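S.K.: How does the following fold in three dimensions:
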Amino acid sequence: VSDAPGALAGDVRLLDAEGHVLVEAERLAFRPLAGPPGARAGDDPAEWLHEVRWILRPASSFAAAPGAVAAALRPGFDRMKAEYEAAGTEAVVRRLDRLVAAHVAEGLAALGWRPSPGEGVEATALADRLGVGTRSRPLFGRLLEILTEEGVLETSEGGWRVLARPSFPPAASLASELSAAHPEWSAELALLARTGPRLADALAGRVDPLDLLFPGGRGEDLERLYESSASLAGYNALVGEAVARAIESRPAGRPLRILEIGAGTGGATAHVLPELPADSTEYVFSDVSPVFLAAARKKFERFGFVRYALLDVEKDPSRQGFSGGPFDVVLAANVLHATADLARALGHVRSLLAPGGLLVLLEGTGRERVEDLTVGLTDGWWRFADRHLRPSYALLEPAKWLALLAELGFEDPVAAPGAHVERGQAILFARGPKASPAPGAWLVLADASGVGERVAGALGAAVAVPGEGFAALGPRRWRIDPSRRADFGRLLDETG
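M.R.: Purely as a prediction, here's the structure:
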């Protein structure tokens, strides 16, 4: 043993009770570590020890770059555009929009509205007079917007003014003509045939919209709408092609992990699964509803590499059994807009991606009347709470999607066919951060700008916003008075 200044060095043998050597170390040196100011030797034995922790870091994904995948879809988009033009899709959509407007006029008339030119309209007062239920008020405002787009109303200070009495052909006649001329739109027309004539009952709360969308608990028409309808089939096929392009550079023998969030009726899934190597893929089909999972098990039973799991993307995935490793590709087709807070949901999505993993989003990009009169009848369509991002409508245009993804730390976000699609659908891609965020619990003290809340969403963190008085606003979300020291103490107690 040598006792050099500031150090202790020597050979160490650890023996058992019978004198056998268990551990032997030669020239082992010990040096003192400086403790925190004011600490004294012997205060806490835990302070004497140094611990090395090994943290498992997931392997980086091999998925192709977002820009490369988007560029590879360009011929497919051109082909789809040509097919739509040949089929007169824009003209059909205009006729569908006219049909929806006719249903709106008839539904409001059934509630007792007889608009007169020059009449002033205030949404809340009119809804009260017509007996529109509280849950249907957001939809009611959208219906007035539709009549404005049709020239029946115009916006004025404090509301609307009637320009002309509605003069649409009977909705039943418009639907019959469309059905005869365009059977390829049968999914949309079948849904509108159930919801349109019952619009007044839905607005007044006399019928559950889910009973109209899922008669007898069956959802065949919605399944056709999201998988093979004229409006979505082409986009679903491109999603399948995008995933195939993304995994082209997969190293030999490397397992492939893909997660689909909110997979629902499996509209996109049906186009993705055939593109995957069955012998080396784990595909997780997830949804918030066990009903969809049960149906998907039957629908995709020939794909033995698919696993089915419950997942609510609005909640921490690690508390739902998704802490076992990240995914190379995360896919979400027409689902994230249905969350209350896009930033929070995307933060959870980001936590599921491997470093550099690929996010594939299929999303609507603007107001769509068929959706307004079908899924728009449900509470879920209007439950968004991030009004700074979505002031009055659930869907977000591509440019705002790209800005939000960049703000939340996603890399290289890009939209296909571009960031300025005015109507329809867009496929968006982004790469997960190459470096994983530091482990641990996070608490973000946000200001009123909304930036702090988006950062909290990206980190999956708890967040406190300023206001009057302490209050729990929801899961991992609080309000505090920044001038009150007691609020900070209570916040730390409740967040643990």
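
S.K.: Give me the contacts around the helix or strand hosting residue 456.
M.R.: According to DSSP states H and E, residue 456 maps onto helix 451-459. Residues outside helix 451-459 that contact it (CB atoms under 8 Å, 6 or more residues apart in numbering) are 341-348, 350, 404, 407-409, 437, 442, 444-446, 461-463, 465. Bear in mind the C-beta positions are built from the backbone N, C-alpha and C, glycine included.

S.K.: Show the contacting residues for residue 289.
M.R.: Per CB under 8 Å, 6+ apart, neighbours of residue 289: none.

S.K.: Over to residue 376?
M.R.: Contact analysis of residue 376 by CB under 8 Å, 6+ apart lists 139, 142, 382.

S.K.: now swap in residue 278 and tell me
M.R.: So residue 278 contacts 303-305 (CB under 8 Å, 6+ apart).

S.K.: That one and residue 331, how far apart?
M.R.: Computed as CB to CB, to the nearest Å, the residue 278 to residue 331 distance reads 18 Å.

S.K.: center of the chain, which residue is that?
M.R.: residue 336 (2.0 Å; CA atoms, centre = their mean).

S.K.: Not counting its neighbours along the chain, what's nearest that residue?
M.R.: Nearest residue to residue 336 in three dimensions, chain neighbours excluded: residue 345, at 5.6 Å (CB to CB, 6 or more residues apart in numbering).

S.K.: tally of neighbours for residue 308?
M.R.: 17 (other CB atoms under 10 Å).

S.K.: Could you give the bridge partners of it?
M.R.: Beta-bridge pairing for residue 308 (DSSP bridges): residue 285.

S.K.: For the stretch 151-300 of the chain, which segments are assigned as strands?
M.R.: Applying DSSP state E, counting those that start in this stretch to the stretch 151-300 of the chain gives strands spanning 153-156, 159-162, 256-261, 281-287.

S.K.: what's in contact with the longest helix seen in the chain?
M.R.: In the chain, with assignment by DSSP state H, the single longest helix is helix 89-110. Helix 89-110 is touched from outside by 84, 130, 143, 146-147, 149-150, 152, 166, 168-171, 174-175, 177-178, 182, 185, 188, 192, 195-197, 199-200, 203, 230-231, 369-370, 372-373, with contacts defined as CB under 8 Å, 6+ apart.

S.K.: Buried by neighbour count: which residues of that helix qualify?
M.R.: Neighbour-count burial for helix 89-110 flags 89, 92-93, 95-108, 110 (criterion: 16 or more other CB atoms under 10 Å).

S.K.: Was I right to think residue 306 contacts residue 285?
M.R.: Yes: applying CB atoms under 8 Å as the test, residue 306 and residue 285 come out as touching, 5.5 Å apart.

S.K.: any shared contact partners between these two?
M.R.: 296, 300.

S.K.: Would you mind checking the contacts of residue 278 for buried ones?
M.R.: Buried, going by 16+ other CB under 10 Å: 303, 305, out of the contacts of residue 278.

S.K.: a markdown table please, covering the contacts of residue 278 and showing pLDDT, secondary structure and distance to residue 486.
M.R.: Formatted as a markdown table, these follow (pLDDT from 0 to 100; DSSP: H, G, I helix; E, B strand; the rest coil; distance: CB to CB, whole Å):
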| residue | pLDDT | secondary structure | distance to residue 486 |
| --- | --- | --- | --- |
| 303 | 97 | coil | 56 |
| 304 | 96 | coil | 58 |
| 305 | 97 | coil | 54 |
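
S.K.: quick one on the thing from earlier: what packs against the helix or strand following the longest helix of the chain?
M.R.: Using DSSP H and E, the helix or strand that follows helix 89-110 in sequence is strand 120-121. Counting contacts by 3 or more CB pairs under 8 Å, 6 or more residues apart in numbering; DSSP states H and E, strand 120-121 is packed against strand 159-162.

S.K.: which of the residues in the strand it packs on are buried?
M.R.: Neighbour count says strand 159-162 has 160-162 buried, by 16+ other CB under 10 Å.

S.K.: next one: stretch 274-294
M.R.: Applying 16+ other CB under 10 Å to stretch 274-294 flags 275-276, 281-288, 292-293 as buried.

S.K.: Report the distance from it to the chain centre.
M.R.: Offset of stretch 274-294 from its chain centre (CA atoms, centre = their mean, to the nearest Å): 18 Å.

S.K.: Okay, now the unreliable bits of the stretch 351-496 of the chain?
M.R.: In the predicted model, the stretch 351-496 of the chain carries pLDDT under 70 at residues 418-423, 435-440, 458, 474-475, 496.

S.K.: What segments of it are helices?
M.R.: Ranges of helices within the stretch 351-496 of the chain are 369-372, 398-407, 451-459, 485-495, based on DSSP state H, counting those that start in this stretch.

S.K.: Output these in a markdown table, with mean neighbour count and distance to residue 354 appended to each entry.
M.R.: Below are the helices of the stretch 351-496 of the chain laid out as a markdown table (neighbours: other CB atoms under 10 Å; distance: least, CB to CB, whole Å):
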| stretch | mean neighbour count | distance to residue 354 |
| --- | --- | --- |
| helix 369-372 | 22 | 33 |
| helix 398-407 | 19 | 17 |
| helix 451-459 | 22 | 16 |
| helix 485-495 | 13 | 28 |
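
S.K.: Mind checking those helices for the one nearest to residue 363?
M.R.: In terms of CB to CB, the element of those nearest to residue 363 is helix 398-407, at 6.7 Å.

S.K.: Remind me what that closest one packs against, helices and strands.
M.R.: Secondary-structure packing of helix 398-407 (3+ CB pairs under 8 Å, 6+ apart): helix 342-352, strand 353-364, strand 411-416, strand 425-431, helix 451-459.

S.K.: what lines up beside the shortest one in the sheet?
M.R.: Which is strand 411-416. Using DSSP bridges, the strands paired with strand 411-416 are strand 425-431 (antiparallel).

S.K.: who's in contact with residue 275?
M.R.: With contact taken as CB under 8 Å, 6+ apart, residue 275 is in contact with 240-241, 243-244.
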